[in-house]
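S.K.: Give me a 3D structure for the following:
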Amino acid sequence: MIDSALILQLFVLINPLSSLPFLVAAHGKGIDVRKLSLSAIVTAFSIAVAIALVGPYLFSIFGITLNSFRIAGGVILFLLALDTIRTHKEKSELSPGSLDSLVAILATPLLTGPATISFITIKAYDMSVLPLICNISIAFFFVGVIFVIFSFSIAKINVRLIDIVSKILGLFLTAMAIEMIVFGMKGMMSAK
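M.R.: Model prediction:
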């Protein structure tokens, strides 16, 4: 039921480190980072579980195949990975807004963006829902641990170190993207 490889893949996809500059900017604006983090994690987790529950039905509703969705999801994931590897974010810009709007931005697209949603949709098709939700829960637990640790050490955080680790995670995202595209193409070729 617990799949450590799947948990690691989800954690890398969710990539909580990429959200830390956003939290630094929120802290700089006097926003309660712990409250923002908790609300965003609960919202992002709810989105992920909802996708896990309805994911398999989306294929029949939209009339698409799993293999074409694998390819599309792989392309989205690849673009996200390239963006993660190539961009340098010294400081995150944070436009003023209510806590709810900041939670929405942090929950999606930062934590559960298109790549994460695509990945969960494919996994929901490939495996039973209960084990998937269990693994999603564990991945989000670790995201929560990262956010709690970060919220207590926000004044001492090294943004450059976060940037380096985020780029390394981007390399793993690239490999996951290529794998999704290759599996999708193999599936399409064998179906013909």
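S.K.: so where do the helices sit in this structure?
M.R.: Remark: helices assigned in the chain by DSSP state H are 4-14, 20-28, 33-62, 66-86, 99-105, 114-126, 129-152, 159-191.
S.K.: want to throw these into a markdown table with mean neighbour count and mean pLDDT?
M.R.: Where you see a C-beta, it was placed from the backbone N, CA and C, and this is true even at glycine. Shown next, in a markdown table, are the helices of the chain (neighbours: other Cβ atoms under 10 Å; pLDDT from 0 to 100):
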| stretch | mean neighbour count | mean pLDDT |
| --- | --- | --- |
| helix 4-14 | 19 | 95 |
| helix 20-28 | 20 | 81 |
| helix 33-62 | 17 | 92 |
| helix 66-86 | 19 | 84 |
| helix 99-105 | 16 | 83 |
| helix 114-126 | 22 | 90 |
| helix 129-152 | 17 | 95 |
| helix 159-191 | 16 | 85 |
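S.K.: Looks like L17 contacts K167 (just checking).
M.R.: No. In terms of Cβ atoms under 8 Å, L17 does not count as a neighbour of K167; the distance is 9.7 Å.
S.K.: Any chance of the backbone angles for I2?
M.R.: phi -90, psi 120 (degrees, to the nearest 10).
S.K.: Quick check, it in contact with C134.
M.R.: Yes. At 6.5 Å, I2 and C134 qualify as touching, with contact defined as Cβ under 8 Å.
S.K.: Perfect, that will be all.
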